[in-house]
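S.K.: Here is my input; please provide its structure:
(one chain, ligands or ions: 1)
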Amino acid sequence: MATALAALCAAAAVLLVPYALRLARYIGEVLRRNRLTRDVPGPRVYPVVGSLPAFLALMRDPHDELRKLLDKYGSTVRLPLLDRTLLVVMEPDDLQVVCTHPALATKPVEYARFLGSHIGQGLLNINEPLHRRHRKAITPSLHLDILHDFVAVFAKQAEVLADRVDERAADGAPGEVFNVQPEFGRMAGAALLQTVLTAPLHNMTEAETAAHVDALNETNLVIVYRALRPWWTNDTVFRLLSNQAEKFMRTAAAMESMVCRVLNAKTAELSAGLPPPPRRRMAFLDHMLRSKESEVMSRAELRDELKTFLFVGSSTSMDLMSLITLAMAMYGDVQRRVHQELDEVFGAPGTPGWDRPVVPEDLAHLAYLERTIKEVLRYAPPVPFVFRIATDDVRLPSGTLVPRGAYVGMVPAGTHRLERHFPDPYRFDPDRFLPENSAGRHPYAFVPFSAGSRNCIGMRYALMLAKTATATLLRRFAVHTAPGGPRGFHEVSVDTGATIMVRGGVQVRLQRRAPRPPGTPSPPTPAAH
Ligand code: HEM
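M.R.: Residues are numbered from 1 along each chain as shown. Next up is the predicted model:
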């Protein structure tokens, strides 16, 4: 009996050895990371949770908390979080290494864990070697010629938006206060469906399109709701107990059904031998289905990339366009100069052709608007954080050692507030981006789209969309803040989502620049959100 028991204990010990060794190795790695980063300044470290309170405060209010961190600890900050070590890095020299070093090209597992339910495995959350293969296949579908073809869609959708919000505008004085952000969400979602997915909207009703777009916007909120609450990490617990579970699953199902519907329709077109749409070059989905690149991706991979583009593209673009509109309302001098430039290119309000659709050739003439968009991206970059995990030890130019297994966080808003790269950083000044004022600026000092091999593949798309939408809206309206609203970005509070969101919405009022001609029928009342 005793021998049997001893044998059993010995067998159990043998079985447990690999787990014990793994645990010992894991603890060793955690201790090593903590030891090697001990001297990096940062907020108070509590037992077990580390600097979690400071991290959560930063996620809740990225702008104000960031300012406090910068003032207190400088441009490299250490935040140990439970068993992880996060180094927040803001110096451009350091960012250059973070964005280009092969040992810092990997996205942490949280990207797949938190986004996978809605976008699957796409460019944003896959790693090498798959990432390089997908990126190479997709890049030609965002060629400049193709983007030029998209401007007509952007202009059309911007006019739809302008007609919708016209109902809330007034002549000679600001109209009613409303939140413009959902309007831009609808506009960006519809533009992405028509361009990247090359989905003919004619086979979807207005209500269906609106429902899809609303689901996209809800996705942004619900994903981050869960990501910021570690107690909802477990799927079963979340599904059974959270009051957000229904929304979470509904939006994930809506993303899936929207993309599958388009994919099925496109595949049917292809089998019926229908020619591709009349474009000089083919856009994303047509390109992926009709070129040899289609062989590189399975149908499931393609579906996930479409979901990724829809999700990333619509939430970021909605944010950028809302923030530009808010900037116009808050900085009256800037808005006046934008109006002046628009009037020079299109004609003064009410003159023939002043409200014609934007064409690609116009965009090159809107240099001040472009500088304004860049200044919004500097002061209030829509993507608040970008994370990497070190697969090996890397020494940064500032001297900070990033040990293997440590997380590196880039915070574009922090880099954009460093005085030596952007003097007087809390002043809103589009002329910082005049060529003479940008000469000699560090190439990694302005990183709203990240940089290097994992930079934003949709950067030019986003800039063209924002420029076209703003040029369309601002020709028709002057924008005002709500009474008592913020007087500058320093008074705007934001919440962190996958993108930043202005707390309480982007509340503005619109004043028509040319009165609606008598007898013009009112546009339909905008649908409630
Ligand atoms: C103002 C608008 C936008 C901003 C500020 C922005 C910013 C960014 C940033 C910072 C990243 C890096 C994220 C990370 O590494 O964690 C990124 C990646 C990405 N963006 Fe954008 N983005 C914008 C618009 C768009 C649009 C319109 C699209 C699609 C048409 C798009 C598609 C993507 C994709 C697919 C990635 C992953 C790229 C990769 O890892 O290879 N983005 N974006």
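
S.K.: CA only for contacts and neighbour counts going forward, please
M.R.: Fine.

S.K.: could you check whether stretch 496-509 is close to the ligand?
M.R.: No. Using Cα under 6 Å from any ligand atom, stretch 496-509 stays clear of the ligand, with a minimum separation of 8.2 Å.

S.K.: L418: what's it in contact with?
M.R.: The contact partners of L418, by Cα atoms under 8 Å, 6 or more residues apart in numbering, come to P425.

S.K.: Where does it sit: helix, strand or coil?
M.R.: The three-state label given to L418 by DSSP: H, G, I helix; E, B strand; the rest coil is coil.

S.K.: And for the one 3 residues further on?
M.R.: Judged by three-state DSSP, the three-state class of H421 is coil.

S.K.: pLDDT value on it, please?
M.R.: pLDDT recorded at H421 is 95.

S.K.: So which bits of the helix or strand of the chain with the lowest mean pLDDT are buried?
M.R.: Ranked by mean pLDDT, DSSP states H and E, the weakest helix or strand in the chain is helix 206-227, scoring a mean of 76. Judged by neighbour count using 16 or more other Cα atoms under 10 Å, the buried positions of helix 206-227 are 209-210, 212-227.

S.K.: Quick check: next helix or strand after it?
M.R.: helix 235-241 (DSSP states H and E).

S.K.: got the buried residues for the helix or strand that comes right after that next one?
M.R.: Heading C-terminal from helix 235-241, the first helix or strand you meet, by DSSP H and E, is helix 245-271. For helix 245-271, a neighbour-count test (16+ other Cα under 10 Å) marks 245, 247-248, 251-252, 254-256, 258-260, 262-263, 266 as buried.

S.K.: what does stretch 323-341 give?
M.R.: 323-331, 334-335, 338-339, 341.

S.K.: Next, the angle from the least confident helix or strand of the chain to helix 245-271.
M.R.: 130 degrees (axes from the mean of the first three to the mean of the last three Cα atoms, to 10 degrees).

S.K.: Tell me the helices and strands packed up against helix 206-227.
M.R.: helix 109-119, helix 181-195, helix 245-271, helix 299-330 (3 or more Cα pairs under 8 Å, 6 or more residues apart in numbering; DSSP states H and E).

S.K.: State the mean pLDDT of the third one.
M.R.: The one in question is helix 245-271. On average, helix 245-271 scores 86.

S.K.: Packing partners of it?
M.R.: helix 109-119, helix 206-227, helix 235-241, helix 299-330.

S.K.: now the second one
M.R.: Under the contact criterion of 3+ Cα pairs under 8 Å, 6+ apart, helix 181-195 touches helix 144-166, helix 206-227, helix 299-330.

S.K.: and of these, who's closest to the ligand?
M.R.: helix 299-330 (3.5 Å; Cα to the nearest ligand atom).

S.K.: Just give me how far the helix or strand that that closest one is followed by sits from the chain centre.
M.R.: Helices and strands here follow DSSP H and E; after helix 299-330, the next one along the chain is helix 332-346. How far helix 332-346 lies from its chain's middle: 27 Å, per Cα atoms, centre = their mean, to the nearest Å.

S.K.: Could I get the buried residue list for the helix or strand following helix 332-346?
M.R.: Later in the chain than helix 332-346, the nearest helix or strand by DSSP H and E is helix 360-363. By 16+ other Cα under 10 Å, the buried positions in helix 360-363 come out as P360, L363.

S.K.: With stretch 388-397 instead?
M.R.: In stretch 388-397, counting by 16+ other Cα under 10 Å, buried: R388, I389, A390, T391, V394, L396.
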